[in-house]
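Asks: Okay, structure incoming, though there's no sequence with it:
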């Protein structure tokens with residue numbers, strides 16, 4: 001029985017392209033939206049999973065070959081935003097060879113599956129269903145035995161969606177830590193250094209649970225290092241590192257006492273396992289990269305070239321304050337406009353990564369991609385040649401249903417005409433109000449992928 005997820009010709013990912021490209025710099029907006037659409041299609045995790053795996057007499061997963069006559073049972077577990085599309089591809093391939101499976105998806109997102117159960121959890125702050133889903137994943141992991149194969153699907157958001165607090169720390173206390181980290185402006189790697197030490201399955205612990213069964217992790221990488229990460233990968237950080245992160249962002253005295261006590265007096269048996277622990281215990285865990293941000297950026301570059309423009313990947317590891325990154329990208333575009341340096345227009349600048357937004361006190365509603373675009377709009381005001389968009393590749397930006405935003409040299413004027421002060425809105429981190437009002441918010445629904453953020457800058461002749 002085949003899934004209903006096979007790609008359809010002309011299927012649009014950006015739901016409101018027509019509205020977004022009907023005003024301002026129309027030509028530039030159409031180009032930017034076309035490139036985003038094409039790039040997202042190339043990193044569709046359902047299709048990538050189907051291409052990675054093959055099931056005939058043997059099961060091939062990338063370069064790994066499994067003789068299924070020697071595999072007793074196959075289990076599938078996982079968590080993350082858009083993870084259901086990875087799970088759906090696996091069940092389309094293996095069907096009734098799957099003994100049991102469960103993945104945790106962001107509430108209201110993803111797709112339906114037939115054999116693999118789905119729990120919808122909270123993101124970016126975990127909830128009771130996140131805990132329930134993680135407990136089920138742990139149960140299935142412990143059920144697997146010698147001769148079994150456990151396929152683990154990991155996409156961005158896994159740490160929040162499958163949260164299983166350590167003993168002595170409550171869910172509410174973990175939620176408080178997550179919220180403090182999100183508001184601190186800490187980059188994702190630093191946040192995960194803390195979060196995986198507050199999880200019973202994170203930082204390689206899931207592979208230890210699965211042992212003596214074998215683990216294969218299929219990982220959509222959403223960390224700047226571009227390396228496999230998650231519950232199947234040996235940890236390279238320590239409890240001391242987690243405490244150092246909290247101190248670096250002035251959070252150590254703000255997190256609950258139970259969290260500090262746990263990190264300071266952690267049971268050595270609960271320390272996240274290192275590669276030496278895997279080797280000493282004979283843990284068989286292999287991890288394959290399903291997709292990563294560089295793949296996304298290269299697809300955008302290729303599409304720009306197809307459209308007859310120079311495509312330049314500025315970086316696949318952008319980080320920092322969203323408003324600062326937006327200002328820098330805008331400054332580069334102005335240099336291209338004025339002096340045709342470092343690139344001759346028409347050209348496309350491409351950047352990938354994950355910025356942050358530091359919030360103190362009350363704030364409006366928004367996300368890092370919208371804040372980046374809002375800051376850029378102020379810098380490119382008056383330009384008739386530049387268009388910029390920034391989008392969360394999973395289709396959500398921060399706690400909103402908006403994926404990102406698109407701006408051009410007319411955005412500041414359009415805002416002023418309806419009484420919006422962009423400077424004030426940026427100061428209040430209230431970007432969603434701006435882009436909803438101006439009809440410049442990008443909406444996608446399910447993108448079937450999650451590879452951090454994509455930033456596209458168009459500079460025309």
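Replies: Okay, I see it. All of these numbers come straight from a predicted model, not from anything done at the bench.
Asks: quick one: the closest residue to residue 401 other than its chain neighbours from residue 376, how far?
Replies: In space, and not counting its chain neighbours, residue 401 is closest to residue 443: 7.2 Å by C-beta to C-beta, 6 or more residues apart in numbering. Any C-beta I mention is one placed from the backbone N, CA and C, and that applies to glycine too. Here residue 443 is placed at a distance of 19 Å from residue 376 (C-beta to C-beta, to the nearest Å).
Asks: Have a look at those two and say which one is more surrounded.
Replies: Of the pair residue 443 and residue 376, residue 376 is the one with more neighbours under other C-beta atoms under 10 Å, namely 31 against 15.
Asks: which SS class is the more buried one?
Replies: helix (DSSP: H, G, I helix; E, B strand; the rest coil).
Asks: unless I'm mixing things up, it is touching residue 329, no?
Replies: Yes. Using C-beta atoms under 8 Å, residue 376 is in contact with residue 329, at 6.1 Å.
Asks: who touches both of those two?
Replies: residue 388 (C-beta atoms under 8 Å, 6 or more residues apart in numbering).
Asks: Residue 379 and residue 330 touch, don't they?
Replies: Yes. Using C-beta under 8 Å, residue 379 is in contact with residue 330, at 3.4 Å.
Asks: neighbour-wise, which of those two wins?
Replies: residue 330 (24 against 20).
Asks: Low-confidence stretches in the stretch 201-350 of the chain?
Replies: 267-270 (pLDDT under 70).
Asks: Do a quick rundown of the helices in it.
Replies: Taking DSSP state H, counting those that start in this stretch as the test, the helices found in the stretch 201-350 of the chain are 205-210, 239-248, 257-264, 275-281, 293-306, 322-339.
Asks: Ok, which of those comes nearest residue 12?
Replies: Nearest to residue 12 among the helices of the stretch 201-350 of the chain is helix 293-306; the distance by C-beta to C-beta comes to 15.2 Å.
Asks: Can you give the contact residues for that closest one?
Replies: With C-beta under 8 Å, 6+ apart, helix 293-306 has contacts from 34-36, 38-43, 221-222, 226, 310-313, 316-317, 347-348, 350-353, 393, 449, 451-452, 454, 456.
Asks: Could I have the buried ones of the residues you listed as PyMOL selection syntax?
Replies: One line in PyMOL is enough to select the buried ones among the contacts of helix 293-306; burial here means 16 or more other C-beta atoms under 10 Å:
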select buried, resi 34+35+36+38+39+40+41+42+43+221+222+310+311+312+313+316+347+348+350+351+352+353+393+449+451+452+454+456
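Asks: Filter the contacts of helix 293-306 down to the ones in strands?
Replies: 310-313, 316-317, 347-348, 350-353, 454, 456 (DSSP state E).
Asks: list the contacts for residue 327?
Replies: Contacts of residue 327 (C-beta under 8 Å, 6+ apart): 375, 376, 378, 379.
Asks: show me what contacts the residue of the chain positioned farthest from its centre?
Replies: Centroid-distance maximum for the chain: residue 69 at 36.3 Å, with C-alpha atoms, centre = their mean. With C-beta under 8 Å, 6+ apart as the criterion, no residue contacts residue 69.
Asks: Now do it against residue 150, distance only.
Replies: In terms of C-beta to C-beta, residue 69 sits 18 Å off from residue 150.
Asks: cool, and residue 164?
Replies: For residue 164 relative to residue 150 (C-beta to C-beta), the value is 17 Å.
Asks: before we move on, the earlier item: confirm that the residue farthest from the centre of the chain sits in a strand.
Replies: No. Counting by three-state DSSP, residue 69 falls outside a strand, being coil.
Asks: pLDDT weak spots in the stretch 1-150 of the chain?
Replies: Judged by pLDDT under 70, the stretch 1-150 of the chain has its weakly predicted residues at 1-11.
Asks: rewinding a little: test my guess that the residue nearest to residue 401 contacts residue 14.
Replies: Yes. Under the criterion of C-beta under 8 Å, residue 443 is in contact with residue 14, at a separation of 7.3 Å.
Asks: Residue 94 is in contact with residue 74, isn't it?
Replies: Yes. Using C-beta under 8 Å, residue 94 is in contact with residue 74, at 6.3 Å.
Asks: Residue 162: what's it in contact with?
Replies: 79, 104, 121, 130, 133, 134, 137, 201, 231.
Asks: Please, where are all the helices along the stretch 1-150 of the chain?
Replies: In the stretch 1-150 of the chain, the helices defined using DSSP H, counting those that start in this stretch lie at 17-20, 26-42, 45-52, 83-94, 128-143.
Asks: Point out the other helices and strands that the shortest one packs with.
Replies: This means helix 17-20. Under the contact criterion of 3 or more C-beta pairs under 8 Å, 6 or more residues apart in numbering; DSSP states H and E, helix 17-20 touches helix 26-42.
Asks: Please list all residues in contact with the nearest residue to residue 46 once chain neighbours are set aside.
Replies: Nearest in space to residue 46, with sequence neighbours left out and distances taken as C-beta to C-beta, 6+ apart, is residue 85 at 4.1 Å. Contact analysis of residue 85 by C-beta under 8 Å, 6+ apart lists 5, 44, 45, 46, 49, 110, 111, 446, 448, 449.
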